[in-house]
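> From the sequence below, what's the structure:
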Amino acid sequence: MRKVCCNHCESNLIKIIIILPLALTDPINPRVSSPNDVNLYWTLNDTGVSIRCDGTGDPPPQMRWLKNGKEVHGTNNIHLDEGNGSLTITFLVAEYNVHGSYLCIAENLANKAEKMFNVFIEGAQFSSLFR
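Numbers count the residues shown, from 1 in each chain. A predicted model of the protein is given here:
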């Protein structure tokens, strides 16, 4: 903090002190990491399977998931948990429609970072992969 004193600061004059804030730090680009592999292979009807994405940056990034380019929202089978800089998507049951490409996005004032995950369901028929 810097003080600016006017009127020569003589004892018989009124002192005006202006307090200026220090320069704000520049935002830091977000980064994403994950303990999960990029290619995930689950068996049909596996329970409680999840993908975790950790985001850092300053200011802390807003995080979200896309599946095949569309925003992922919580459903009866999908739970989204956010906390301490991470976003986890948990599937109560690995069904055929769970397969696909999942993109974790962390975004703040500085920039955006992404990490892609591919989920494969063992036993899914080739034709069902494109539904």
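> need the strands for this protein, in chain order.
2-5, 17-20, 28-33, 39-43, 47-58, 62-67, 70-71, 78-83, 86-93, 100-107, 112-122 (DSSP state E).
> Tell me which other helices or strands the fourth one touches.
Secondary structure elements in contact with strand 39-43, counted by 3 or more CB pairs under 8 Å, 6 or more residues apart in numbering; DSSP states H and E, are strand 47-58, strand 112-122. Heads up, the C-betas are built off the backbone N, CA and C, glycines and all.
> thinking again about what came up before, now the strands of the chain in a markdown table, with mean neighbour count and mean pLDDT?
Below are these laid out as a markdown table (neighbours: other CB atoms under 10 Å; pLDDT from 0 to 100):
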| stretch | mean neighbour count | mean pLDDT |
| --- | --- | --- |
| strand 2-5 | 9 | 52 |
| strand 17-20 | 9 | 71 |
| strand 28-33 | 18 | 94 |
| strand 39-43 | 14 | 96 |
| strand 47-58 | 17 | 95 |
| strand 62-67 | 18 | 96 |
| strand 70-71 | 9 | 96 |
| strand 78-83 | 12 | 91 |
| strand 86-93 | 18 | 94 |
| strand 100-107 | 20 | 96 |
| strand 112-122 | 16 | 96 |
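> Redo the helices and strands packed on strand 39-43 as TSV? Include distance to V98.
Output for those, formatted as TSV (distance: least, CB to CB, whole Å):
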stretch	distance to V98
strand 47-58	8
strand 112-122	6
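> now for those strands, which one comes closest to T90?
When the helices and strands packed on strand 39-43 are compared by CB to CB, strand 47-58 sits nearest T90, at 4.0 Å.
> follow-up on the earlier one: any idea which of the helices and strands packed on strand 39-43 gets closest to K70?
strand 112-122 (14.3 Å).
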